[in-house]
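> how would this look folded up:
(one chain, ligands or ions: 2)
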Amino acid sequence: MSILYDTHMHSSFSTDSDTPAQTMVTQALDLNLRGICFTDHMDLDYPPFYFPEDPSAFAADPDEVLQEIRRLREQFGASDPEFHIGFGLEFGMQPHLSGRFSDIARSYPLDFIITSQHLVGGLDPYYPEVWEGHTCAELIRSYYEEMLSNLKTMDQWDTLAHLDYIIRYIPDRGSLLFDSYEAFPDLIDEILLYVISCGKCLEVNTAGYKYGLGQPNPAPSILRRYYELGGRRITIGADAHAPEHIAIGFDEVRKLLLSIGYERYTVFRSRVPEELPL
Ligand SMILES: [Zn+2]
Ligand SMILES: [Zn+2]
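Numbers count the residues shown, from 1 in each chain. Ligands and ions are numbered 1, 2, ... in the order given. Prediction:
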């Protein structure tokens with residue numbers, strides 16, 4: 001087998017992508033995938049100073065996304081074998097947002113909800129100045145602490161995305177210290193055990209291959225630890241914002257996951273999980 005579904009993907013409904021959703025669909029079909037899930041950004045209350053001219057930056061309009069997905073399903077859904085176009089969202093966690101996310105989850109026919117920690121201390125670690133005045137260890141610890149406490153406020157989610165996302169933006173990539181589970185074992189164990197206790201999934205995000213990390217997020221050591229702790233439920237997505245990144249690293253990550261012991265990955269339709277062989 002191979003990984004036939006890419007379930008983390010953005011389109012021009014996300015502030016950081018200018019690719020029409022239809023282009024993502026045609027590329028996925030060219031790659032012989034059996035399905036994709038659009039998970040455009042729902043980073044409500046994204047810090048306003050990064051995009052002062054756009055008060056709804058990083059918050060897709062679910063009505064617009066749904067309308068386009070319905071159009072694409074009519075155009076491409078009847079292919080043989082069936083190609084599934086999922087309607088998902090990526091919720092950017094903040095302490096005050098869980099109620100609004102629950103409302104969105106109840107109001108739309110979503111297939112899949114990804115929950116993500118994109119901020120630390122209310123700032124986006126994508127921007128190098130956020131790292132100034134802190135040690136990397138301080139900032140990364142805060143990031144995991146915020147992730148854990150925010151996750152505990154969320155009641156509508158299916159998978160925890162890119163657990164060690166912040167390491168993509170470490171200014172000095174030479175320090176691989178924070179690439180590993182060993183940097184913060186207690187905190188990461190707590191997050192993994194919480195995911196397992198909720199019966200939810202951990203995402204294996206292959207965008208790390210695009211960012212030159214040469215490994216997925218989370219790092220292999222964290223994926224090994226999740227398995228050791230009893231975690232078996234994983235979702236897989238490339239977090240593509242452009243067509244050339246769809247399914248990036250899928251062959252490498254499949255080998256890695258099989259070597260750890262994983263046998264299946266999960267896809268969602270109408271929020272219902274289905275396990276598929278790796
Ligand atoms: Zn994300
Ligand atoms: Zn994403």
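> Helices along the chain, start to end?
Assigned by DSSP state H, the chain shows helices spanning 21-30, 62-76, 98-107, 136-151, 185-198, 207-210, 220-228, 250-260.
> Lowest average pLDDT across these?
Ranked on mean pLDDT, the bottom entry among the helices of the chain is helix 207-210, at a mean of 88.
> if you look at that helix, does any of it touch ligand 2?
No: figure legend: helix 207-210 not in contact with ligand 2 (CB under 5 Å from the ion); closest approach 7.7 Å. Glycine gets a C-beta too; all of them are placed from N, C-alpha and C.
> Off-centre distance for that helix?
Helix 207-210 sits 12 Å away from the centroid of its parent chain (CA atoms, centre = their mean, to the nearest Å).
> Which residues are in contact with the one residue sitting closest to the centre of the chain?
Closest to where the C-alpha atoms of the chain average out (CA atoms, centre = their mean) is Ala161, at 3.6 Å. Ala161 makes contacts with 8, 90, 114-116, 203, 205, 237, 239, as judged by CB atoms under 8 Å, 6 or more residues apart in numbering.
> again, but for Tyr143
Shown in contact with Tyr143 (CB under 8 Å, 6+ apart): 117, 120, 125, 166.
> Pull the most distant pair out of those residues.
The span of the contacts of Tyr143, defined through CB to CB, is set by Gln117 and Pro125 at 9.9 Å.
> Setting aside sequence neighbours, what's the nearest residue to His84?
Gly35 (3.4 Å; CB to CB, 6 or more residues apart in numbering).
> just checking, the one you found touches Gly88?
No: using CB atoms under 8 Å, Gly35 and Gly88 do not qualify as a contacting pair, with a distance of 11.4 Å.
> Just the pLDDT at the residue in the stretch 1-150 of the chain positioned nearest to ligand 2, thanks.
Closest contact between the stretch 1-150 of the chain and ligand 2, by CB to the ion, is at Glu90 (4.8 Å). As predicted, Glu90 sits at a pLDDT of 98.
> Quick one: name the residues of the protein near ligand 2.
90, 239.
> Please repeat the previous calculation with a cut-off of 6 Å.
8, 10, 90, 239 (CB under 6 Å from the ion).
> separation between the third one and Ile196?
Meaning Glu90. According to CB to CB, to the nearest Å, Glu90 and Ile196 sit 21 Å apart.
> ok, back up a step: what sits against the residue nearest to His84?
Residues in contact with Gly35 (CB under 8 Å, 6+ apart) are 4-7, 28, 83-86, 267.
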